[in-house]
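Participant: let's see this in three dimensions:
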Amino acid sequence: MPEGDTIHHAAMRVRGALVGSEIRSIQTPHPRHGHDCWPERLAGREVRAVDAHGKHLFIRFEGDLTLHSHLRMGGKWDVYLEGERWRRARHRAWLVIRTEKHAVVQFDGPLLELMTESRTRFDQRLARLGPDIIRDDFDEAAYLRRLRSDNDTRGIGDALADQRIVAGIGNIWRSESCFMAGVDPWRRTGDVTDDEALGIVRGARPLMIESARRGGHITTFGGGGRGVTWVYRRAGLPCRRCQALIRARGQGDDNRATVHAVHDEALVCHLGYVRDGKPVVIPTIHTRIGERLYLHGSKGAAVSRAAKGVGVAVCVTATVVDGLVLVRSAFQHSMNYRSVVLHGTAEPVADEAERSHALDAVVDHVWPGRSGACRKPTAKELRATSVLVVDLLEVSAKCRAGDPVDKPGDLDGPWWAGVVPVHTVYADPEPAVDLPPGRPAPAARTVETAS
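Facilitator: Below is the predicted model:
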């Protein structure tokens, strides 16, 4: 995922092409925005500013309208001289803004939206962002406050990638900054001193600012040319300092494999939102397609009605329990688990093809391959069904695995300690009482267990 320095560099290039130049045309080739009328709504408006906060980019037009972008894993901003050949295929363009001299192109989305200026200040996805490590007004005190108010048992590397604590750091910069500061990224945040926490961001900040200014490959190790790092993507290679082999494993909210695995394995998720000023949490069926989570519901459900128009702010959680951790001390009892928390805006899926594909995927999530082995929904059934979608943008994973952690004074006590594994077991299918004989049953599903 492009990190803060990449987004700030993109904002600098887009700003140079658009601010102070007459906008000749705006095009939205992607079908998702084909009916949004952005060219008409932005006609005659000049771009007054282009800026970034963390991994978010904003193109601010006159008249209180702002284009907001998040590139997630595959998106990209590019600036071309008029007539210059594009470096990505034209069908991948989501937005094209032309001036006399330049074409500013946003490729592959996946999050691109037009909002009012006031919404950029109050939208919860943006309001929750921590201080931007690259900006001139980076607030070290605010960073420390957010870090200390968070769960002190999570690894410091995981916390650094949480955009609510400090905006702009991702996999590359958390790996490099922890190494340069001499802090183990898996050390509990509560065991990291304030001086160490500040040392991490103070070491990364000037390098990120220089990377935002220069663009191109991220460089942290000065002895090997452009794009050379201390540890990132060097698993299995000798350390540049001590020659020991570098080890790597996924961690926290940027470990997409963990996020995906939990969403794919959990049969039910819990959807939380605010209704009439009160929190409401409901269980529902979901499915993941790429970097989007689809939620199944009824058109008449309150959350579906709340999502009409601009969508509704939600929190979606999913958990898989892998074991019960029995500890000598009652206070220390725990579970081995994998959980995912997703914050975002749930929007109704309007495109019929996407909606149909999502509904098939929901059925297949309940039982793999089932959508092709049952009657398709009727038009009436489809009209009564709601599908909401949330982008996997602000998402975090938290896991626990392993043995009990006892206090030294309890180790010689008479109490048993250990882990009771928890597995989901699917028994043989049982036919309905009114099923005619001779109908083949679906193949038995294998036991689902933690890896």
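Participant: CA atoms for contacts and neighbours, from now on please.
Facilitator: OK.
Participant: how about the helices in this protein?
Facilitator: 4-18, 38-42, 117-122, 124-127, 140-149, 156-160, 171-181, 194-214, 256-265, 302-306, 352-366, 379-383 (DSSP state H).
Participant: check the gap between the residue sitting nearest the centre point of the chain and residue 387 for me.
Facilitator: Residue closest to the average C-alpha location in the chain (C-alpha atoms, centre = their mean): residue 393, at 3.0 Å. Distance, residue 393 to residue 387, using C-alpha to C-alpha, to the nearest Å: 18 Å.
Participant: next up, the contacts around residue 359.
Facilitator: 296, 387 (C-alpha atoms under 8 Å, 6 or more residues apart in numbering).
Participant: can you check the one 5 residues further on too?
Facilitator: Neighbouring residues of residue 364 by C-alpha under 8 Å, 6+ apart: 370, 371.
Participant: that one and residue 317, how far apart?
Facilitator: Residue 364 is 20 Å from residue 317, by C-alpha to C-alpha.
Participant: gap between the nearest residue to residue 65 once chain neighbours are set aside and residue 61?
Facilitator: Leaving out its chain neighbours, the residue that sits closest to residue 65 by C-alpha to C-alpha, 6 or more residues apart in numbering is residue 116, at 4.6 Å. Distance, residue 116 to residue 61, using C-alpha to C-alpha: 10 Å.
Participant: what does residue 386 give?
Facilitator: Computed as C-alpha to C-alpha, the residue 386 to residue 61 distance reads 34 Å.
Participant: then residue 230?
Facilitator: 41 Å.
Participant: could you check the pLDDT of the closest residue to residue 134 other than its chain neighbours?
Facilitator: Leaving aside its sequence neighbours, residue 134 sits nearest to residue 209 (C-alpha to C-alpha, 6+ apart; 5.6 Å). With respect to pLDDT, residue 209 scores 95.
Participant: which of the helices of the chain sits closest to residue 413?
Facilitator: Residue 413 sits nearest to helix 156-160 of all the helices of the chain, at 33.1 Å, using C-alpha to C-alpha.
Participant: what residues does the closest one touch?
Facilitator: Taking C-alpha under 8 Å, 6+ apart as the rule, helix 156-160 contacts 147, 165-166, 169-170, 174-175, 178, 184-189, 192, 251-253.
Participant: same question for stretch 15-33.
Facilitator: 34, 38-39, 42-51, 79, 91-102, 104.
Participant: in strands only, show me those residues.
Facilitator: Among the contacts of stretch 15-33, the members found in strands (DSSP state E) are 47-51, 79, 93-98, 102, 104.
Participant: next, count neighbours for residue 94.
Facilitator: As a burial measure, residue 94 scores 23 neighbours (other C-alpha atoms under 10 Å).
Participant: give me the pLDDT for it.
Facilitator: Looking at residue 94, the pLDDT reads 94.
Participant: burial count for the residue lying closest to it once chain neighbours are set aside?
Facilitator: Excluding the flanking residues, the one nearest residue 94 by C-alpha to C-alpha, 6+ apart is residue 30, at 4.9 Å. Counted by other C-alpha under 10 Å, the residues lying close to residue 30 total 16.
Participant: distance check, residue 30 against residue 40.
Facilitator: 16 Å.
Participant: got it, and residue 312?
Facilitator: As judged by C-alpha to C-alpha, residue 312 and residue 40 stand 26 Å apart.
Participant: more crowded one of those two?
Facilitator: Comparing residue 312 with residue 40 by other C-alpha under 10 Å, the one with more neighbours is residue 312, at 22 against 10.
Participant: hmm, that one is touching residue 343, no?
Facilitator: No: shown here, residue 312 and residue 343 do not form a contact pair, counting by C-alpha atoms under 8 Å, at 10.8 Å.
Participant: what's the neighbour count on residue 82?
Facilitator: Other residues close to residue 82 by other C-alpha under 10 Å number 13.
Participant: likewise for residue 439?
Facilitator: Neighbour count for residue 439, taken as other C-alpha under 10 Å: 8.
Participant: who are the contact partners of residue 80?
Facilitator: Applying C-alpha under 8 Å, 6+ apart, we find residue 80 in contact with 86, 102, 103, 104, 105.
Participant: ok, residue 201 next?
Facilitator: The neighbourhood of residue 201, defined by C-alpha under 8 Å, 6+ apart, consists of 133, 177.
Participant: tell me the phi and psi of residue 161?
Facilitator: phi -90, psi 0 (degrees, to the nearest 10).
Participant: least trustworthy helix or strand in this protein by mean pLDDT?
Facilitator: Least confident element among the helices and strands of the chain, by mean pLDDT, DSSP states H and E: strand 394-400 (a mean of 83).
Participant: got the buried residues for that strand?
Facilitator: Within strand 394-400, the residues scored as buried using 16 or more other C-alpha atoms under 10 Å are 394, 395, 396, 397, 398, 399.
Participant: how about those residues in TSV, adding distance to residue 419?
Facilitator: Below are the buried residues of strand 394-400 laid out as TSV (distance: C-alpha to C-alpha, whole Å):
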residue	distance to residue 419
394	32
395	28
396	25
397	22
398	19
399	15
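Participant: looking at the residues you listed, which one is closest to residue 326?
Facilitator: Closest approach to residue 326 among these (C-alpha to C-alpha): residue 399, at 16.9 Å.
Participant: low pLDDT regions in the protein?
Facilitator: Under the criterion pLDDT under 70, the flagged ranges of the chain are 223-224, 249-255, 444-451.
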